[in-house]
Every structure is written in structure tokens, then in C-alpha cells.
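Trainee: Return atomic coordinates for the entry below.
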Amino acid sequence: MAINVAINLAAAIALLAFMVRQQSRHASFTVRVFTGLGLGVLLGAGLQALYGAADPVVKTTGEYLDIVGTGYVKLLQMIIMPLIMVSIIAAILKLKNASSLGKISALTIGTLIATTIVAAGIGILMARLFDLSAVGLAANAAEAARGAYLQGKLGDAQAISLPNMLISFIPANPFLDMTGGRKTSTIAVVVFSIFIAVSAIGIHDKKPDLFASFEHFIQVAHAIVMRMVTLVLRLTPYGVFALMATLAATSSYADILHLISFVLASYSALILMFCVHLALVSAAGLNPLRYARKIFPVLAFAFTSRSSAGAIPMSVQTQTRRLGTSEGIANFAASFGATIGQNGCAGIYPAMLAVMIAPTVGIDPYTLGFIAPLLAIIAVGSVGVAGVGGGATFAALIVLSSMNLPVALAGLLISIEPLIDMGRTALNVSGSIAAGAVASRALGETDMAVFNGDADLGEEADSKAA
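Mentor: Sure, this is the predicted structure:
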């Protein structure tokens, strides 16, 4: 087995070397991400064809590939909290007042929640078009175990209420939240950073020397953090390659075919909702094709990593350096978008599940009496969904339990969960970027020269990032 693993790793190293050569020849960042994605699929499919998804050789090879893939994700997670904190403080200090914070928050959060409601409606429509229903689906042992697990988590979901969720956004211990110790830590750090910045603005006139010193400190910290972000983002093509190879090698194609209708319905809904995002940015006066090309790398990472929170650093860089979105709005959109109003995980997925499961208890899901409360519950439940793997499951539990539907039946989809979660996560990140782009344009803060330019995330941070 050791020889086979060594051969597999040698092949992976050779592909990585080819990608390094691409970078040395100054291939664009988007091209290199595309290359990593494609080579990862080829390597993973080849491993599965040679050994089978459950073979120990594939498992061991995947563990070594995880050094690159999961290691890259952890590096991104490492810089999330420092990036959020210094970027938001720096952006608010530039305002020299807090009057525009309300507009930024209202536009960003309003767009996130509104698009989640639209996403839920699209999910219902696709469930109808593909005639999805959980009636008659047989549960195997793994699905039954997953159903039991979900039933056990029901108590946690039922304990969630909007007042409790809003309270959880308040950072009682900001140092705990800087470790990401809670599901709402990201927003709590945003709130804490706002308090720091507003407090600093309060001494601008009374103690200008101290304010100047603090502002200089934040500028230095911001430059260092942004440099760190640039260094980590250069590793994106390699991280995408390793993540995609592992996924392609271990996926069960038989399970995917067994539930192909749900897979097709899900991706039809995801693609249609992405078109809604493009329509929004187009209505805001941005070229949708240029926009789509510029955000592809961050969507590719979100697709392979399945982590909305992990995509925050790359999302912020993409918005500021490629779309021209102002830094404060970019950070608000990326941070709030990782927890609030996730179009894929909190919109499409729970809506489709509710429509599928309702007939098993004799409910017609296509009546106004069912759809209206479903959309309302999804809108409220989308507040506070964690931007990491499993967030969609938690959102589904909230919606299904609130609609008095059997949550255990959600376990029937366990076999295709990773495949669908990839698309959901990419849509979540797309929604947060679209919210930032729309809010920035509405407030007149978009740098169109940047949007129309060709900045590469893989290069040195420009003067704006520095």
C-alpha cells in the first residue's frame, strides 16, 4: 500500500509543480484557479477509478493531500478575525463620523435577507418543477443514523429565537469571540470593532494627538494584515487543487445518481439564484460579465472548501481590489454574509426540504397557507446561520421544526450532502459579494476604475490594500 500511496503523491507533486511553473510564467490568478480545479478533479477521479472510493490507499493519499487543502483553509481561518477587526476600524476612522454606519448596515443586511427570501422562492419553484417528494424514499442504515442525529439536535434548534440570536451578537467576552468560539463570533467581532472605532472618533477633537497615534497604529496593523492576506491568497490554486482531488476521490457516484433529481433541482436553483445576483449588480450599474469573471476565484474556493467563513479574507480582497467596493462595505458584507441571509444554506436548501417532506404528513406544500409562513420562517431563521460546514443542517432544523415537519427525514439526503453543500456555499459567498457591490454603488462609494481594471489577487497588494 505504501508504494501505491507514494506513487499517488508523486503524481500530485508533479501536478503541483506544473502549477508553480504556471505562476512563475505569470499566468493570471483566475487561470491558475481554473487549472487547480480541473487538475484536482482529474487526479481524484483517477484515484477512484484505480482503487475505489473506500480503499485505504485513497484514504491515506487524501490525508496527505489534506496537508495542502485543509492547511490552506486553516491559514485563511487564521486571518479572518484580525482582518475583520483592523479593516472595519480603519474604514470607520476614515469616515471620521458614524452617521453612515446605519445606511451601510441597513443596505447590506437588507439585501442579504431579501435575496434569501427570493432564494427560498426559487427553491420552492424548482422542487415543484422537478416534482420532489420524500414520500416512498427508503432509508438505509447511514441515512437512518443521520436522521437520529438530526432528531437529537432538534432541541438546540427549537431553543433558538430571534431575540436570543440578536443577544448572541453582543460580545460579552470579545477575546473569546476573537477565537471563533461561538457560532456568532464573526458578527460579535464586527460589533466590538465598531465600538472601538466609534470610541476613537469620540476623542478626535478632544485629544487629537492620541487619536492620531491610534490611527497610525491601525494603519500599520492594517498594512501588515493585508500583506498577510495577500501571501495566503497566493496559495489558493494549490489549496483548491488538493481539496477538489480529495472530494473527487471519495465521492459516491452511485449515491449521486440515486438522488439525481434532487441534485439537478438544487443546482438549477443555485444557478438561477446566481443569475438573480448578476441581475442585481447589473441594475446597480455594473457589467455582470466582468463582475462574474472577477469573483470566480473566490467562488471556486468556496465551492471546494465548503466554508463561507473561510472565504471571508478572499471575499474582502476580491471586493476591494477587483470590484472597487469600499473597504468598510466589503468587510460588512463579507462578515455579515457569512452568518446572516445565506442564500444557499438558509434559503434554497431548507425551502426545498420543507416542500419535499410536507407531503409525508399529508400537507400540500404548494398552497399560500404553507408557503407564506415558510418564507417568513426562513427570513427569520437565516439570521445567525454559521458560515461553516453544517450551517445548512442547522437552518433546516430551525425551519422544519417551526413548520412542525419530521426533521429526521432530512437524513435521507446524507449521501449527496457534500456535493450539494459545495454549490450552496459558493452561492452564499456570491450573495454576500453582491450585497456589498449593490450597497457600495447605492452609496456612491464604488471605485469604477478598479472595477474596470484587471487587478490580480495573486500579485502584490496595491496601494489601496497597503
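Trainee: Regarding the protein, what is its longest helix?
Mentor: In the chain, taking DSSP state H as the definition, the longest helix is helix 56-95.
Trainee: the helices in the stretch 1-150 of the chain, which residues?
Mentor: When assigned using DSSP state H, counting those that start in this stretch, the helices of the stretch 1-150 of the chain occupy the ranges 2-24, 29-51, 56-95, 101-129, 141-158.
Trainee: weakest of those by average pLDDT?
Mentor: Mean pLDDT is lowest for helix 141-158 among those, at a mean of 54.
Trainee: who does the helix or strand following it touch, helix- and strand-wise?
Mentor: Once the chain leaves helix 141-158, the next helix or strand it forms, by DSSP states H and E, is helix 162-168. The criterion is 3 or more CB pairs under 8 Å, 6 or more residues apart in numbering; DSSP states H and E, and there are no helices or strands that helix 162-168 contacts. To be clear about C-beta, it is placed using only N, CA and C from the backbone, and glycine gets the same treatment.
Trainee: Can you dump the C-alpha atoms of the next helix or strand after helix 162-168 in PDB for me?
Mentor: Note on helix 162-168: by DSSP H and E, the next helix or strand toward the C-terminus is helix 174-177. Output of helix 174-177 as PDB, limited to C-alpha atoms (Å, rounded to 0.1, in the frame of the first residue of the first chain):
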ATOM      1  CA  PRO A 174     -14.700  39.800  22.800                       C
ATOM      2  CA  PHE A 175     -11.500  37.900  23.400                       C
ATOM      3  CA  LEU A 176     -13.500  34.600  23.300                       C
ATOM      4  CA  ASP A 177     -15.100  35.800  20.100                       C
END
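Trainee: buried set for helix 174-177?
Mentor: Applying a neighbour-count criterion of 16 or more other CB atoms under 10 Å, the buried positions in helix 174-177 are 174, 177.
Trainee: Just the residues contacting it, thanks.
Mentor: 81, 171, 182, 185, 188-189, 192 (CB atoms under 8 Å, 6 or more residues apart in numbering).
Trainee: Return the distance of the longest helix of the chain from the chain's centre.
Mentor: 12 Å (CA atoms, centre = their mean, to the nearest Å).
Trainee: And that helix, what's buried?
Mentor: 57-58, 60-62, 64-65, 68-70, 72-73, 75-77, 79-93, 95.
Trainee: That helix packs against which elements?
Mentor: Partner elements for helix 56-95 (3+ CB pairs under 8 Å, 6+ apart): helix 2-24, helix 29-51, helix 185-202, helix 208-233, helix 236-250, helix 312-321, helix 327-337.
Trainee: out of those, deepest packed?
Mentor: Highest mean neighbour count among these (mean count of other CB atoms under 10 Å): helix 327-337, with a mean of 29.
Trainee: what angle sits between that helix and helix 101-129?
Mentor: Interaxial angle, helix 327-337 versus helix 101-129 (axes from the mean of the first three to the mean of the last three CA atoms, to 10 degrees): 40 degrees.
Trainee: Show me what secondary structure element comes after helix 327-337.
Mentor: helix 349-357.
Trainee: other SSEs contacting that next one?
Mentor: helix 101-129, helix 260-283, helix 368-381, helix 391-402.
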